[in-house]
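Q: Just need the structure, nothing else, for what follows:
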Amino acid sequence: MSHRVKPSVSYLLIYLVGVAGFLTGFAGQVRASEAPDVAGHWEGKINLPGTPLGIDVDFVFQGGVWTGDISIPMQNAEDLPLAELQVDGGSVAFQIKGIPGTPTFKGTVSDDGKSISGDFTQGGMSAPFELKSGIDLAAKATQALDGFGAVIDQTLKDFMVPGLAVGVIADDQVVWAKGFGFRDVDNQKPITSKTLLAIGSCTKAFTTFTLATLADEGKLDWDKPVRSYLPDFKLYDDYATLHITPRDLVTHRSGLPRHDMMWYNNHKWSRAEFVRRLRYLEPNKELRETFQYNNLMFLTAGYLVEELTGNTWEHAVQARILTPLGMTATNFSVKDSQKTADYALPYKEDEDKLELMHFRMIDVMGPAGSINSNVEDMNRWMRVHLNEGKLGDKQIIKPTALDELHTPQMVIRGVPKDAEFSPNSYAMGWGVDTYRGKLRVRHGGNIDGFSAMVTLFPRDSLGIVTLANKNATPVPGLIALAAADRIFGFEGKDHIAEALEKRKLGKEVTKEAEKKKGTRQIPNTKPSHPIEDYVGTYENPGYGLLHITADGDKLTMSIHGISAPLMHWHYDVFKCRKNPEDDALDDIEIQFRSNEKGAIDSVRAPFEPSVSEIRFTKRPDERLSDPVYLSRFVGDYQLGPQTVTVSLQGDHLLVTVPGQPSVRLIPDVSGEFNLEGLTGYSAAFTEKDGAISAVFNQPNGVFELKRVPK
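A: This is a model prediction of the structure:
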């Protein structure tokens, strides 16, 4: 909850914001009058009218001199230097150096030495302040989270989430590594701190971390064109091809929208093949024009790791992150998770019921989201990010390289409606904003049956990881916010209750919208062709093959192993019905198109809504490219006084008219052959009672030829 600040108080806030960036790092120095008794870290607040202002103060006594600094999180003011610092027995006085209005603190130390209280003055305004000594963030977090388990249990119940694992790091110490709810609902198996769950797109930070270590070694320049490392790399747009850099790959500013259906459930292509086919994917923006989340660019970043190291992305992440950090349980495939004794099953909510899902194997897309881990391992991962690249005394990555990963690179459009959040930016594998004045670095993850959130408060040495085994649930993010509120002592906001109300309203709106789906259908229409004419294999150079099959008068569509029954919607538009085994294609509408001959020659699918519909071209009957089948048409055909020769060359036919060059016959979806290079010219062959005839269709007529007996 935000509070209005009275005019007399606003001077303090304005002064602090205005000069904080210029004064950090300087320290006032005053000789101590007697032995130090207040050295250390203190936390407290200035009790401004209506708006208590939290403060952190550090007093240091070294070489007979007192120095200190103050931080004001709500104003993004960090380590402002103190001046005129005086410690005299039970009295403490100091000013904030260089701030207009001479902000001054004068207080008295309590008898037990654990608190300081007194008056704060600035520009004629006065307010009481209080500080408490020796507050250890880990101890504070532990105390703040006392009883929080009950909140989590209720949240899981309210949001119909089977289970949640939570890890908390404070001041490089493990505060929490706990499980709540169940990893296996039917068998009532609980989630533990060791339970493996998919972290989804939280994997992206592992990819950028690995690239950063390569940059440390001089093997990568973030701002050098990708083609410097991958000479064959090509995108749809020539300018983007020549100028896109590794930094662009991992900041979602390539100009490409998601195009996720290209890779979803696609187990046949290698990473190299995915990268090769990027050239066929239509962009909708210019390079670096705007933020557009894109998993394929992170796959490309992982492939770049492979080219730079000469080994797999998995090997690089294992060698550069998992092994050095002791993340012994973490793996790269749900197949490996299922070989262990403690892994979570994936769930989804369908019509207010919790249902088990199939594991989605996304190994090839690993660099974008295939890692599985537990909160014990993820706690170690967070410690490195909160401790300048170190785990304990072991330096895993240079601090400067880590800072680069956390530095905003691309603005994410939009201003939050809630004043507690600042506008959001994307760094490199991380999102960056502020929450109630606290710098926040975070990333979520969602893959079938699992949702995750890793949240770091780097300036406060606090990290929270939340892993759930339910599809697309907001609970990991909500629990992270609620935990942060408790630890920081923030009050006045219940994110969980707000989200629960939105969930309720969202369900009502969705149900009403679903009732109206049929209003878009044009009644009393029928397909333009017999059902069998739609059957076939359709191909897009970027997305691969789409198959249409028939069972009686019912069609089915499948792509990358995902299938859905088709229902006629109107005209040549068909709609994917729900497949209980895999609903990824549910409600997608596809449209069949005909060529000038009237034959169905393509199908268009809205797999990427922000570009033109993805067009799949129908492949001709495979027999028309089969040398064995084609050989039956070889021979001489009589056309009046001329003899036309049809010959076989490899997997295609050639037709030769005396005095003219041979012309290749190109298979067509109509079952005919088009004459290569000649628009409006085609040929067809028929067989009746063992006799072969040919028909040549030309703009000036239709010519029937009979094969000359051998």
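Q: Every contact and neighbour count from this point should use C-alpha atoms.
A: Noted.
Q: Find me the pLDDT at the residue nearest to the spatial centre of the chain, would you?
A: When CA atoms, centre = their mean is applied to the chain, the residue found nearest the centroid is Ser201 (4.5 Å). Model confidence at Ser201, given as pLDDT, is 98.
Q: Then Asp112?
A: 81.
Q: Could you do Trp430 as well?
A: Listed pLDDT for Trp430 reads 98.
Q: Does Ser254 touch Asp248 like I think?
A: Yes - applying CA atoms under 8 Å as the test, Ser254 and Asp248 come out as touching, 6.0 Å apart.
Q: any weak-confidence spans in the chain?
A: Within the chain, the stretches with pLDDT under 70 are 1-36, 135.
Q: quick check: longest helix of it.
A: Identified as the longest helix of the chain according to DSSP state H is helix 495-515.
Q: Which neighbours do Ser254 and Asp248 have in common?
A: Common neighbours of Ser254 and Asp248 (criterion: CA atoms under 8 Å, 6 or more residues apart in numbering): Arg288.
Q: Looking at these two, which is more packed in?
A: Ser254 (29 against 24; other CA atoms under 10 Å).
Q: isn't there a strand covering the more buried one?
A: No - assessed with DSSP: H, G, I helix; E, B strand; the rest coil, Ser254 is coil; it does not lie in a strand.
Q: can you tell me how far it sits from Met297?
A: Separation of Ser254 from Met297 (CA to CA, to the nearest Å) stands at 8 Å.
Q: His41 now?
A: 44 Å.
Q: More neighbours: which of the two?
A: Met297 (24 against 19).
Q: re the thing from before, got a list of contacts for the longest helix of the chain?
A: The contact list for helix 495-515, computed with CA under 8 Å, 6+ apart, reads 155, 158-159, 478-479, 481-482.
Q: what does stretch 125-144 give?
A: 8-9, 38, 40-49, 105, 113-121, 169-171, 173-176, 486-487.
Q: on that earlier part again, buried set for the longest helix of the chain?
A: Buried residues in helix 495-515, counted by 16 or more other CA atoms under 10 Å: 496, 500.
Q: Parallel or antiparallel, which strands does whichever helix or strand comes after that helix pair with?
A: Counting by DSSP states H and E, the next helix or strand C-terminal to helix 495-515 is strand 536-540. Pairing partners of strand 536-540, with direction, according to DSSP bridges: strand 544-551 (antiparallel), strand 614-618 (antiparallel).
Q: can you list the residues that contact strand 536-540?
A: 545-549, 602-603, 614-619.
Q: ok, now with 7 Å
A: 545-549, 602, 615-619 (CA atoms under 7 Å, 6 or more residues apart in numbering).
Q: Of those, just say which sits nearest to Gly181.
A: Ranked by distance to Gly181 (CA to CA), the contacts of strand 536-540 are led by Leu546 at 40.5 Å.
Q: neighbours around the closest one, how many?
A: 21.
Q: ok, it touching Ser558?
A: Yes - applying CA atoms under 7 Å as the test, Leu546 and Ser558 come out as touching, 5.9 Å apart.
Q: What are the neighbouring residues in contact with Arg440?
A: Contacts of Arg440 (CA under 7 Å, 6+ apart): 432-434, 455-457.
Q: Which segments of the chain make up each domain?
A: 7-135, 143-188+202-508, 531-619, 623-707 (automatic domain parsing).
Q: deepest of the ones you listed, which one?
A: domain 143-188+202-508 (a mean of 19; mean count of other CA atoms under 10 Å).
Q: so where do the strands sit in the stretch 551-700 of the chain?
A: Listed from the start of the chain, the stretch 551-700 of the chain has strands (DSSP state E, counting those that start in this stretch) covering 554-559, 562-570, 573-576, 589-594, 600-605, 614-618, 635-639, 642-649, 652-656, 663-667, 673-675, 682-688, 691-698.
Q: Mind putting those strands into CSV with distance to Gly366?
A: Below are these laid out as CSV (distance: least, CA to CA, whole Å):
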stretch, distance to Gly366
strand 554-559, 20
strand 562-570, 20
strand 573-576, 29
strand 589-594, 30
strand 600-605, 26
strand 614-618, 25
strand 635-639, 54
strand 642-649, 43
strand 652-656, 41
strand 663-667, 39
strand 673-675, 43
strand 682-688, 47
strand 691-698, 52
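Q: Val375 is nearest to which of those strands?
A: Closest among the strands of the stretch 551-700 of the chain, using CA to CA: strand 562-570, at 32.1 Å.
Q: so what does that closest one touch, helix or strand wise?
A: Contact partners of strand 562-570 among helices and strands, from 3 or more CA pairs under 7 Å, 6 or more residues apart in numbering; DSSP states H and E: strand 554-559, strand 573-576.
Q: Quick one: residues in contact with the shortest one.
A: So that's strand 573-576. Taking CA under 7 Å, 6+ apart as the rule, strand 573-576 contacts 564-569, 585-592.
Q: Can you tell me how far Tyr543 is from Pro346?
A: For Tyr543 relative to Pro346 (CA to CA), the value is 27 Å.
Q: Could you do Gly389 as well?
A: 33 Å.
Q: contacts for the host helix or strand of Arg247?
A: Using DSSP H and E, Arg247 maps to helix 246-249. When contacts are defined by CA under 7 Å, 6+ apart, helix 246-249 is touched by residues 222-223, 226, 254, 297-298, 301.
Q: got CSV for those, with distance to Ser693 and secondary structure too?
A: Formatted as CSV, the contacts of helix 246-249 follow (distance: CA to CA, whole Å; DSSP: H, G, I helix; E, B strand; the rest coil):
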residue, distance to Ser693, secondary structure
Trp222, 64, coil
Asp223, 64, coil
Val226, 56, helix
Ser254, 55, coil
Met297, 53, helix
Phe298, 56, helix
Ala301, 56, helix
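Q: and which of those residues is nearest Thr210?
A: Ala301 (10.0 Å).
Q: Which residue, neighbours along the chain excluded, lies closest to that closest one?
A: Distances taken as CA to CA, 6 or more residues apart in numbering place Leu249 nearest to Ala301, at 6.3 Å, with adjacent residues excluded.
Q: Quick one: end-to-end length of stretch 252-272, please.
A: By CA to CA, the extent of stretch 252-272 from end to end equals 20 Å.
Q: ok, now stretch 672-691?
A: End-to-end distance (CA to CA), stretch 672-691: 18 Å.
Q: Outside of that stretch itself, list whatever touches it.
A: 663-668, 692-699.
Q: quick one: which of those residues is nearest Ala165?
A: Nearest to Ala165 among those, with distances taken as CA to CA, is Asp668, at 56.5 Å.
Q: if I look at Arg183, how far off is Asn331?
A: According to CA to CA, Arg183 and Asn331 sit 18 Å apart.
Q: doesn't Gly167 fall inside a strand?
A: Yes - judged by three-state DSSP, Gly167 forms part of a strand.
Q: To which secondary structure element is the closest residue to it other than its chain neighbours assigned?
A: Closest residue in space to Gly167, ignoring its immediate chain neighbours: Ala177 at 4.4 Å, by CA to CA, 6+ apart. Element membership for Ala177, per DSSP H and E: strand 173-184.
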